[in-house]
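> one predicted model, sequence on top.
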Amino acid sequence: MAIRPLAMLVFALAVVESQTGRYVPPADPRAYDFPFTDHIPTTKELIENAGFRYDLHKVVTEDGHILSLHRLGRPGERRGIPVLFVNGFCFQSEGWMGLGRNTSIAFILSDLGYDVWLGDQRGTGRSIGHVKYSLDDYRTYQYSFHEMGIYDLPAFIDHILEATGHERLLYVGLSLGSGVFAVMEAERPAYRDKVIAAVFLGPAIHLTKWIKTSFFYYNILRVVDAMIEAQIQRKLWVLFANRPLISTAVHSCSFVPLNIYLSSCLTIVGLTLGPYTGNMNATSAGVQLASVITSTSVYVAKHLFQVLKKGEFTKYDYGSEEKNMMAYGTPTAPNYDLSQVTTPLLVMYGSVDNMASFNAVERSIADMVSSSVDSQLLPDFNHVDYLFGRQAPKRVYVPVVDFFDRMTGQGDFESNLIIPSKSKFKKVGKKGRSSA
């Protein structure tokens with residue numbers, strides 16, 4: 001892909017300027033390695049071990065799902081503008097703290113005065129309850145990622161705004177966490193006015209049509225698709241239901257003293273998330289990935305594979321013209337209208353990301369015609385380097401801090417707890433891409 005010289009110059013100047021900004025990444029390379037441990041840490045442990053107070057909030061959606069929402073804070077501390085983080089497919093909130101105390105984005109923003117909230121969407125290990133149905137009831141799992149967008153995100157946002165007294169908040173979405181935000185803005189227009197700005201990291205919106213992927217990757221997808229369908233036929237509604245066993249297997253990648261086993265682990269990561277380029281610490285990758293892997297409804301996976309098959313960001317296909325007519329008034333599932341996304345965005349995406357390829361991300365950006373978008377292509381970043389890559393603090397988190405400060409005016413005030421009026425929230429320019 002050709003990189004415009006002017007774009008490179010603009011971004012280089014921005015990076016130089018940001019080094020004197022509110023967040024400067026540590027110079028010590030050891031600061032970027034996740035603590036090596038034989039224990040898989042929880043969100044609560046990571047927050048408290050970093051010196052923050054941990055607050056757990058339970059949120060009930062309009063359709064009765066009970067979700068977990070985690071808040072960072074310090075005793076007696078005033079809090080600034082709230083930031084909601086939402087995870088990707090089969091990921092949970094530990095990932096936002098996966099680089100340690102001074103180099104993880106959740107801790108960075110909290111240190112800078114932002115009020116950080118971590119949301120676990122429905123189906124994840126801490127958000128599987130329902131007010132009406134038991135965990136053995138199939139109706140507890142009858143949803144796709146569509147419901148995450150129209151119910152979970154609005155519930156998170158309303159709860160945070162009510163708890164804080166703010167009128168609007170900031171948003172960070174990883175992978176499908178970006179996709180469900182696009183669903184919310186397309187389907188729940190009232191929530192556009194409740195978000196100041198959003199950051200998309202490796203956004204899973206448009207995905208590369210699977211027949212256009214490599215022969216090897218295409219056949220892997222076909223096998224996984226067949227497994228999903230078989231699981232539905234067997235009425236096994238939870239994907240990765242045995243999460244402890246899976247986490248233990250992944251965790252052992254960091255501890256089994258066999259180079260061939262570690263190599264196999266990195267190969268699996270490469271086939272699914274993008275090739276290992278040395279950005280992650282290979283010896284701690286197992287601990288990091290084991291901490292974030294979680295469950296979801298098998299129908300969320302089926303919906304994602306429908307997007308992969310069609311190469312379109314489409315609503316859930318019920319499998320028959322009759323059922324689609326009942327749901328949508330059309331014989332086929334319609335696409336989400338990305339022109340309805342109006343929130344100012346910073347989109348960051350990797351050149352070797354297998355899940356959210358740069359071509360698919362750039363197509364999504366082009367379709368979000370009503371939003372002002374800053375975008376940055378990150379060479380040699382795969383799908384988890386946004387969380388665990390040792391280059392993430394410099395190449396991802398510095399621009400995120402600068403973007404949020406610019407959009408809220410926090411960096412312009414002596415106290416970053418001052419909340420600007422709506423009229424002072426700044427708009428970014430027209431769409432532009434640079435390469436970090």
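Perfect, thanks for sending it.

> now Val347, what's its secondary structure?
State at Val347, reduced to three classes by DSSP: H, G, I helix; E, B strand; the rest coil: strand.

> ok, which stretches of the stretch 151-300 of the chain are helices?
Secondary structure of the stretch 151-300 of the chain, counting by DSSP state H, counting those that start in this stretch: helices at 153-164, 176-187, 215-233, 243-251, 259-273, 285-292, 298-310.

> which of those helices sits closest to Ile108?
Closest approach to Ile108 among the helices of the stretch 151-300 of the chain (C-beta to C-beta): helix 285-292, 17.0 Å. Quick note: C-beta positions are derived from backbone N, CA and C, even for glycine.

> picking that back up, can you put the helices of the stretch 151-300 of the chain in a markdown table and add mean neighbour count and mean pLDDT?
Formatted as a markdown table, the helices of the stretch 151-300 of the chain follow (neighbours: other C-beta atoms under 10 Å; pLDDT from 0 to 100):
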| stretch | mean neighbour count | mean pLDDT |
| --- | --- | --- |
| helix 153-164 | 19 | 98 |
| helix 176-187 | 26 | 98 |
| helix 215-233 | 13 | 85 |
| helix 243-251 | 16 | 56 |
| helix 259-273 | 15 | 62 |
| helix 285-292 | 25 | 72 |
| helix 298-310 | 22 | 94 |
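
> which of these sits closest to Leu377?
Of the helices of the stretch 151-300 of the chain, nearest to Leu377 by C-beta to C-beta is helix 176-187, at 15.6 Å.

> out of the helices of the stretch 151-300 of the chain, the one nearest Phe200 is which?
helix 176-187 (3.8 Å).

> my guess is Gln376 meets Pro399, correct?
Yes. Gln376 lies in contact with Pro399 (C-beta atoms under 8 Å); the separation is 6.4 Å.

> how about the strands in the chain?
53-60, 65-73, 82-86, 115-120, 129-130, 169-174, 195-201, 238-239, 296-297, 345-350, 373-378, 432-435 (DSSP state E).

> reformat the ones you listed as CSV; add mean neighbour count.
What follows is the strands of the chain, written out as CSV (neighbours: other C-beta atoms under 10 Å):
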stretch, mean neighbour count
strand 53-60, 14
strand 65-73, 22
strand 82-86, 25
strand 115-120, 26
strand 129-130, 18
strand 169-174, 25
strand 195-201, 26
strand 238-239, 20
strand 296-297, 25
strand 345-350, 26
strand 373-378, 22
strand 432-435, 18
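
> and the residue of the chain most remote from its centre, how far is that from Lys194?
Ranked by distance from the centre of the chain (C-alpha atoms, centre = their mean), the top residue is Glu322, with 34.0 Å. From Glu322 across to Lys194, the span is 36 Å (C-beta to C-beta, to the nearest Å).

> now swap in Val347 and tell me
To Lys194, Val347 is 20 Å away according to C-beta to C-beta.
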